[in-house]
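In: Provided below are the primary sequence and the corresponding predicted coordinates.
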Amino acid sequence: MTDTPRRWLITFPGPQGCHARQETALVQWHGTLGPRGQPLYVGEGGIEVEITPDGIAYLVAVGRYPAPDMPVHAQPLG
């Protein structure tokens, strides 16, 4: 866990062909590992996501956020 940031900003893609504002969620390390063995991050609204050290995000639970058809973008915040 020492090489992985403790906080990430997750960006959900909008519907294809739509120019609406994208939804984002701030997630923080939960202190445990997720189903794929990667650090588990949680945020408000029921979102849970595993993020690999190189920034690949796997949604575990989306909560109130849209379930995207494509992967989400994860940006480390430190």
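Out: That came through, no problem.
In: got the phi/psi numbers for residue 18?
Out: The phi/psi pair for residue 18 (degrees, to the nearest 10) reads phi -100, psi 140.
In: for the closest residue to residue 11 other than its chain neighbours, what are its contacts?
Out: Counting by Cβ to Cβ, 6 or more residues apart in numbering, residue 11 lies nearest to residue 73, which is 4.3 Å off, once chain neighbours are set aside. Where C-beta positions appear, they are placed from N, C-alpha and C, glycine not excepted. With contact set as Cβ atoms under 8 Å, 6 or more residues apart in numbering, residue 73 has these partners: 10-11, 13, 57.
In: Now, those that are in strands?
Out: 10-11, 57 (DSSP state E).
In: Now do the helices in this structure.
Out: Counting by DSSP state H, the chain has no helices at all.
In: ok, which stretches of it are strands?
Out: Using DSSP E, strands in the chain cover 7-11, 24-33, 39-42, 48-51, 57-61, 73-76.
In: avg pLDDT for stretch 30-42?
Out: Averaged across stretch 30-42, pLDDT comes to 93.
In: Contacts for it, please.
Out: The contact list for stretch 30-42 (Cβ under 8 Å, 6+ apart) reads 1, 4, 7-8, 27-29, 48-52, 58, 60.
In: CA atoms only for it - export them in PDB, please.
Out: C-alpha atoms of stretch 30-42 as PDB (Å, rounded to 0.1, in the frame of the first residue of the first chain):
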ATOM      1  CA  HIS A  30     -10.500   1.600   3.300                       C
ATOM      2  CA  GLY A  31      -7.500  -0.200   4.800                       C
ATOM      3  CA  THR A  32      -8.500  -3.600   3.200                       C
ATOM      4  CA  LEU A  33      -8.200  -5.400  -0.100                       C
ATOM      5  CA  GLY A  34     -11.000  -5.900  -2.500                       C
ATOM      6  CA  PRO A  35     -12.100  -9.100  -4.400                       C
ATOM      7  CA  ARG A  36      -9.200  -8.900  -6.900                       C
ATOM      8  CA  GLY A  37      -6.600  -8.400  -4.100                       C
ATOM      9  CA  GLN A  38      -6.100  -4.700  -4.800                       C
ATOM     10  CA  PRO A  39      -6.500  -1.900  -2.300                       C
ATOM     11  CA  LEU A  40     -10.200  -1.100  -1.700                       C
ATOM     12  CA  TYR A  41     -11.300   2.500  -1.800                       C
ATOM     13  CA  VAL A  42     -14.700   3.800  -0.600                       C
END
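In: Many thanks, have a good one.
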